[in-house]
Every structure is written in structure tokens, then in C-alpha cells.
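[1] Kindly return the folded structure for what I paste below:
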Amino acid sequence: MDGLLLAGLSGLIGASTLLLGAAVATIFRVPTSVVAAILAFGAGVLISTLAYELVEEANASGGLLPTAGGFLAGAVLFVASDWLVSRRGAAGRKRPTGTGGGSGTALAVGALIDGIPESIVLGLSVADGGALSVPIIAAIAISNIPEGLSSTAGMRADGRGAGYAFGIWGGIAVASTIAAIAGYSLFGDAGDEVVSFVTTVAAGGILAMVANTMIPEAFERDRVLTGLYATVGFLTAFALHELG
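    Below you'll find the model as predicted:
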């Protein structure tokens, strides 16, 4: 299959589980403790994937300087963007007890800020390996389930209907597919240092997202087992890395 199609497919697969999480939250009244557990598990999965699939490999191929520079730049970009959209109503986009009444536009932009770095990584992984990266796709797909679940539960708590939630997540899935294709097209033929920098910009943004949104929301609902769930998520992704 053509690399461009593979990149788009990887972005679509990774983002499609947002809709799965939304479907579960729409059909069932999921206890907030369960949502918190899934959020923490997803956070652990992403942290492990960053360490073993992204940052380590970026450093090996491009060197420490572009890796460190990209990682820090990605974190700064995410924190600044997250602060801006949070002021406009997207601060509670992963909160299962309610999103704080944020506007649909703010919630959608917040979800894009969370998802675009992941999709760029997926496109780059296809460019680098010539095939779908199962560990990275699996990690992002797993981590997106709690985002769709938690955010949709929060939207329901605010009185929003299923069409509203699925409209947002369907749009994010399309945008994620485009971002994965862009990552492949724009940086697929770039040098190792450039690819390492871009990869770790995305990785730094993902880690900042985990620290700013996923873990705090999980801990708010379950102050006892959050660390354990995150550890299990980390080990799950590590096992995928070793088996892959």
C-alpha cells in the first residue's frame, strides 16, 4: 500500500477510538471511578510510548541536541496553546463530571491540540519504517479511548446530546487523518536531525498534555489507585514495544 495511504490509515485508526469511547459513554452511564482508571491507564501507555518508541529512537537517529530541543519546544507549544483554549472554555475537556460549559469550538480546538501531535508522530512512523507502527498506533488508540469516554461523559453531564459529541470526535478523526498525512508528506524525506526534532516536538506536546490534563483529571476522581493504573498502562505499552 502507498505510504501516503498508510499514513492516513494510521491517523484514522489512532483517532477512531475517540468515537469508540464516545459510544460507550453515550450508551452506558460509566462510573467516574472507571473513567478515572481508564484515563490513568492511558496516561501510562503514552508515557511509555514516548520513552521507548519516540524519544529514544529520535535520539539514536538524530542526536541529543535536536531531540532535546524538539521535546522542550513541543512542551512549551502545548502548554501555551492549552492555556489559551482553557481560558476560552476548554479547561475541563477531559472531565467526566462536566466540561464546565465550554463552547463547542473551544472543546474542539482543545481536542485538536491534544490529538494533532499524536497524528504527526503516526505519519512520521510510516515514513521512517515504511509500514504501520503497531506499538505506536496501539498506544495512541488505547489512550484515545479514555479521552472520548471521559469528555463525552462530561458533555452529557452538561446536558449536551450524542450528536454534539460525535460531531466533535468525527471532526477530530478527520483532522487527525489529515495531520498524519501531512507528517508523512512534509517530513518523510527530511534528514535525520529534522525528523528527530519534529518527532520530539510532538512527543513533548503529548507528555505535557498527559501531565496537564489526563493525570490531574484521573487523580481528581480517584486519589488512591491512579498511580497503579498508570503503572499498568506503562507496562502494557512497554510489553508491546518489546514484543513488536
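[2] tell me which residues of the helix or strand of the chain with the lowest mean pLDDT are tucked away?
    Sorted by mean pLDDT, DSSP states H and E, the helices and strands of the chain end with helix 104-129, the least confident at a mean of 76. Buried residues in helix 104-129, counted by 16 or more other C-beta atoms under 10 Å: 106-128. (Glycine included, C-beta is placed from N, CA and C.)
[3] All the helices of this structure, residue numbers only.
    Applying DSSP state H to the chain gives helices spanning 3-27, 32-49, 56-62, 64-85, 104-129, 134-157, 162-187, 192-209, 215-221, 226-243.
[4] what's the least confident stretch among those?
    Ranked by mean pLDDT, those end with helix 104-129 at the bottom, a mean of 76.
[5] starting at the chain centroid, how far to stretch 152-172?
    Centroid displacement of stretch 152-172 relative to its chain, using C-alpha atoms, centre = their mean, to the nearest Å, is 18 Å.
[6] actually stretch 219-231, sorry about that
    19 Å.
[7] Run a quick neighbour tally on A80.
    Neighbours of A80 under the rule other C-beta atoms under 10 Å: 11.
[8] Would you check how far apart it and A43 are?
    According to C-beta to C-beta, to the nearest Å, A80 and A43 sit 21 Å apart.
[9] shouldn't A141 be in contact with I13?
    Yes - look at A141 against I13 with C-beta atoms under 8 Å: they come within range, at 6.2 Å.
[10] Touching both of the two, which residues are there?
    By C-beta atoms under 8 Å, 6 or more residues apart in numbering, A141 and I13 have no common neighbours.
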